[in-house]
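1. coordinates only, sequence not included:
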């Protein structure tokens, strides 16, 4: 009997999608690959997961609304400063000293886009560039501080003084590959 070997691209990518394979077992694309796509290899019982990923991929991504109901922010742990004005730009902060963000061409970027929080376009080729907050408009820029790899959820006092709408979000939801992100997206789309 031939084992299934199905590749399902789930999100669009400006790069050639690639996957990291362990035989025929599914492993989503890793950020070290220049890919913003999830690739899924199905084998035996893992075929069930490929259908789950495809089901999530088939759902339309919501558009960011400048008057979004911020009480429904996906992956929210805690608001630091709620937006009071329309949001035009979103940055996902992953590190401090130096401050670093994830760009749209990362796994994190694909997850945030899928839940209607598209990240601002990068002004550099780096996928995790250093940033300077002086270049952002504090009235229309939302900063999402990840709970990991830097533990912003334990360092809220370090970010309260920043003059931006900001929140701490669950880093596992946005950056962990495999079933963590899948469960998060399924819950978001209420499967």
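-> The structure has been received and is ready for your questions. In this text the structure is predicted, and so the values were computed from the model without any measurement.

2. what about the closest residue in space to residue 112 that isn't next to it in sequence, neighbour count?
-> Leaving aside its chain neighbours, residue 112 sits nearest to residue 119 (5.5 Å; criterion: CB to CB, 6 or more residues apart in numbering). For every residue, glycine as well, the C-beta is placed using N, CA and C. Residue 119 is flanked by 22 other residues according to other CB atoms under 10 Å.

3. if I've got this straight, residue 119 is in a helix?
-> No. Using DSSP: H, G, I helix; E, B strand; the rest coil, the secondary structure at residue 119 is coil, not a helix.

4. Now it: phi and psi?
-> phi -80, psi 150 (degrees, to the nearest 10).

5. Tell me the spacing between it and residue 54.
-> Relative to residue 54, residue 119 is positioned 24 Å away (CB to CB, to the nearest Å).

6. List the residue ranges of the protein that fall below the pLDDT cut-off.
-> 1-48, 63-68, 191 (pLDDT under 70).

7. could you redo the last one with a cut-off of 80?
-> Residue ranges of the chain with pLDDT under 80: 1-49, 60-69, 71, 177-178, 190-191.

8. so where do the strands sit in it?
-> 76-81, 89-95, 100-102, 141-146, 166-169 (DSSP state E).

9. Look up how far residue 94 lies from the most centrally placed residue in the chain.
-> Residue closest to the average C-alpha location in the chain (CA atoms, centre = their mean): residue 108, at 2.8 Å. In this view, residue 108 and residue 94 are 8 Å apart by CB to CB.

10. ditto for residue 186
-> 24 Å.

11. Those two: which is more packed in?
-> For the pair residue 186 and residue 94, the greater number of neighbours falls to residue 94 (22 against 16), based on other CB under 10 Å.

12. ok, back up a step: leaving out chain neighbours, which residue sits closest to the residue nearest to the centre of the chain?
-> residue 102 (4.0 Å).

13. Just give the number of residues close to that neighbour.
-> 26.

14. For it, name its beta-bridge partners.
-> Listed beta-bridge partners, residue 102: residue 92 (assigned using DSSP bridges).

15. Tell me which residues touch it, please.
-> Contacts for residue 102 were tallied using CB atoms under 8 Å, 6 or more residues apart in numbering; they are 92, 94, 108, 109, 119, 127, 128, 146, 175.

16. Residue 104 too?
-> The contact partners of residue 104, taken as CB under 8 Å, 6+ apart, are 36, 110, 113, 118, 119, 120, 121, 122.
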